[in-house]
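A.B. asks: Need a 3D model of the following:
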Amino acid sequence: MRWTPLLLAALLVVVQGDLWFGKGNLPYVMSLRKQLAEQRALNDTARERNQRVAAEVADLREGLEMVEEKARAELGMVKPDEILVQVTQVAARR
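C.D. replies: Numbers count the residues shown, from 1 in each chain. Next comes the predicted model:
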């Protein structure tokens, strides 16, 4: 009977030793969690930057389309292989 508590205590020391000093120990897991948090922060920053760049590209594309539309409507500009046809409305006289 005296050996049972000693055996259990020894097993507890072995399990705790493995937890603190073995493969996948607690300090190693904590350092991995810290690295993960840092990487997530970097990813969030990069994601925000990518969204800003995508919005800027969309604005530039839309802006060029608006410039082209205005040039066609107000100045009558056409591309080299296009034919311009203008349709005007004539007011009906009574």
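A.B. asks: Strands along this protein, start to end?
C.D. replies: Applying DSSP state E to the chain gives no strands.
A.B. asks: Least confident secondary structure element in it?
C.D. replies: Counting by mean pLDDT, DSSP states H and E, the chain has its least confident helix or strand at helix 3-21, which shows a mean of 82.
A.B. asks: so what's Glu65 up against?
C.D. replies: With CB atoms under 8 Å, 6 or more residues apart in numbering as the criterion, no residue contacts Glu65. C-beta here means a position set from N, CA and C on the backbone, and glycine is covered the same way.
A.B. asks: now do Asp18
C.D. replies: Asn25.
A.B. asks: and Lys23, backbone torsions?
C.D. replies: For Lys23, the backbone dihedrals are phi -70, psi 130 (criterion: degrees, to the nearest 10).
A.B. asks: Roughly how far does it sit from Ala10?
C.D. replies: Distance of Lys23 to Ala10, given as CB to CB, to the nearest Å: 21 Å.
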